[in-house]
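Turn this into a structure:
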Amino acid sequence: MGRITSGESVLIDRLPYGEQPKRDPIERETLRDHLMVSHNADDALILGVGGYLGAAANEAEERGGIALIRQKRRQYIGCEEYPVAGKSFALLYGPVSAITVVKYLDSSDAEQTYPSTSYRYSNGDIYFKLGPPTLADGPNAIWVDYETGFGDTPTEVPAMWQNIVMQLAFRKYELRGESPGDASMAWERMIDRQIVIAGGSRRG
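Here you go, the predicted model:
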């Protein structure tokens, strides 16, 4: 059985879904303690929109192929890599909790739903029992909508991943406006090793 590992995964939304502020993968006071910050003068830098906590969480997810707090994602499969019988396709972000729908564009560019009886999910992969009908030309002819993440609250995010987020946030906060210097490569290797040990894919 062949396994396809390329593709593009895009974020649809994070908990709580909709327009509400999104949940952090670690408690804010825990990060404050890690940064040794007892004042609130830097709250916008650390915790605000575009702040170091959000940036660190996004970086950990991207580098590890991991979703921390539960989120909806869409993964595209190009027509040059379309599923055929006996092929499986790796979803790029885990852990996956549910496959919402698999859709495709037919040769008339009309959106169609791929029957749920024609595929199954197992251990990070979608296994296609049958290939789809003739597809539209070009990229993104097939896509998978799915939910992924460790849970709904920081307490459900494994400690190793919380620690990685805190280290990334600490480095962004401490080195703001400065060059990382020669120690950067050694630090990056250390973070890469932690990502692998935590079960991530060390992408990016």
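
can we go C-alpha only for contacts and neighbour counts from here?
Fine.

in stretch 16-24, what's buried?
Of all the residues in stretch 16-24, those buried under the rule 16 or more other Cα atoms under 10 Å are 23, 24.

Tell me if residue 57 really is in a helix.
Yes. Judged by DSSP: H, G, I helix; E, B strand; the rest coil, residue 57 forms part of a helix.

is it true that it touches residue 25?
Yes. Distance between residue 57 and residue 25: 7.2 Å, which falls inside the contact criterion (Cα atoms under 8 Å).

Looking at the two, which one has more neighbours?
When neighbours are counted by other Cα atoms under 10 Å, residue 57 and residue 25 differ, and residue 25 comes out ahead with 26 against 23.

got the contact list for that one?
The contact partners of residue 25, by Cα atoms under 8 Å, 6 or more residues apart in numbering, come to 57, 68, 69, 153, 154, 157, 162.

Helix, strand, or coil at it?
Reduced to three states with three-state DSSP, the structure at residue 25 is coil.

And it, how close does it get to residue 120?
29 Å (Cα to Cα, to the nearest Å).

Show me what counts as buried in stretch 188-204.
191, 192, 194, 195, 200, 201, 202.

Which of those sits closest to residue 97?
Nearest to residue 97 among the buried residues of stretch 188-204: residue 200, at 16.7 Å, using Cα to Cα.

Surely that closest one and residue 67 touch.
No. The pair residue 200 and residue 67 does not pass the contact test of Cα under 8 Å, sitting 10.1 Å apart.

What's the separation between the nearest residue to residue 115 once chain neighbours are set aside and residue 116?
Closest residue to residue 115 apart from its sequence neighbours, by Cα to Cα, 6 or more residues apart in numbering: residue 102 at 7.8 Å. According to Cα to Cα, residue 102 and residue 116 sit 8 Å apart.

same thing with residue 58?
Distance, residue 58 to residue 116, by Cα to Cα: 31 Å.

and those two? which has more neighbours close in?
Neighbours per residue, other Cα under 10 Å: of residue 58 and residue 116, the larger number sits with residue 58, 16 against 12.

Many thanks, I have nothing further to ask.
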